[in-house]
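In: Sequence unavailable; structure follows:
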């Protein structure tokens, strides 16, 4: 069986199991998974950038753009369809990245990372100083619907969970397919030797720009999913610590599979939840120590456990 087919079947099987398990999970678990999958979408975009040799500390910008676009359209334009809001968040973030990417695509290494961080912090400052968008408090998101089912009453927990699952599965399948195309295979080539890619006739700047836009679209979709699940948006979504968490999730999870970012995001949210509950005064220390242990034990990320086992098979 080819790797592409194996990945597709694995993602579809995981999606089916997660959907079937929904009635068995408590409300807090449904909420946690929905939020984790929204953040995992951002990490999925970072996976693509890391494959291209780039690390962005500004994905919080696109995460916030997607959330604010979906929240504003829902609350003020009365767009009630959750799928449409997620698509709107992805398109808005991609449009912003399309403009900023014209500059970002010129830089590499620490300069790229710091410039992306600077854009994110500029967005944070603008949001904080914008009373129309709720300033520091943000604003509540108007309840949406999925296939006519409202995010209210009994469906309040299930609808965001199922929406997040569907968006995550579709995004993972699409990105896996993209990575196997000619354009997708140029990403690791750019990381290894930009000059050789130029000699082959491909534009490195165009490849980087395209990957930036795709990563931003995924982050925007993740922001919209998170906004709909949480029901509230605030400027912290664009803050540098939020962007740092996305990078952290991607590194801890690994970049060898499109499923890895989601597994890492769910682990991080579970760890955060239990650490806050059982060690409210030192939960950051608990999380940091645990994640440091994972990085030291598994330099290739958590997903390297599965790749090692596969490589060990005769």
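Out: All right, it came through fine. Every value quoted in this text rests on a predicted model; they were computed, and no experiment measured them. Numbers count the residues shown, from 1 in each chain.
In: and the spatially most central residue of the chain, what does it touch?
Out: By C-alpha atoms, centre = their mean, the chain has its centre lying nearest to residue 42, at 1.5 Å. For residue 42, the contact set (C-beta atoms under 8 Å, 6 or more residues apart in numbering) comprises 59, 62-63, 218-219, 222-223, 246. Using the backbone N, CA and C atoms, a C-beta is placed for each residue, glycine as well.
In: swap the cut-off to 7 Å and go again
Out: Going by C-beta atoms under 7 Å, 6 or more residues apart in numbering, residue 42 touches 59, 63, 218-219, 222, 246.
In: looking at this, it is in a strand?
Out: No. Using DSSP: H, G, I helix; E, B strand; the rest coil, the secondary structure at residue 42 is helix, not a strand.
In: Identify the farthest-apart pair in the contacts of residue 42.
Out: Using C-beta to C-beta, the pair of these lying farthest apart is 218 and 246, separated by 10.7 Å.
In: More neighbours: those two, which one.
Out: residue 218 (33 against 27; other C-beta atoms under 10 Å).
In: Check which element follows whatever helix or strand that one lives in along the chain.
Out: Element membership for residue 218 (DSSP states H and E) is helix 204-230. As assigned by DSSP H and E, the chain's next helix or strand after helix 204-230 is strand 232-233.
In: mind listing what residue 255 touches?
Out: By C-beta under 7 Å, 6+ apart, the residues touching residue 255 are 47, 50-51, 301.
In: So among those, where is pLDDT lowest?
Out: Taken together, these show their lowest pLDDT at residue 301, with 81.
In: How much space separates the closest residue to that residue other than its chain neighbours from residue 51?
Out: Once flanking residues are discounted, residue 301 sits nearest to residue 254: 2.1 Å by C-beta to C-beta, 6 or more residues apart in numbering. To residue 51, residue 254 is 12 Å away according to C-beta to C-beta, to the nearest Å.
In: higher neighbour count, the two?
Out: Comparing residue 254 with residue 51 by other C-beta under 10 Å, the one with more neighbours is residue 254, at 23 against 17.
In: I'd like the distance between that one and residue 218.
Out: From residue 254 to residue 218 the distance is 17 Å (C-beta to C-beta).
In: Equivalent analysis for residue 103, please.
Out: The gap separating residue 103 from residue 218 is 20 Å, by C-beta to C-beta.
In: again with residue 60
Out: The value you get for residue 60 to residue 218, if C-beta to C-beta is used, is 13 Å.
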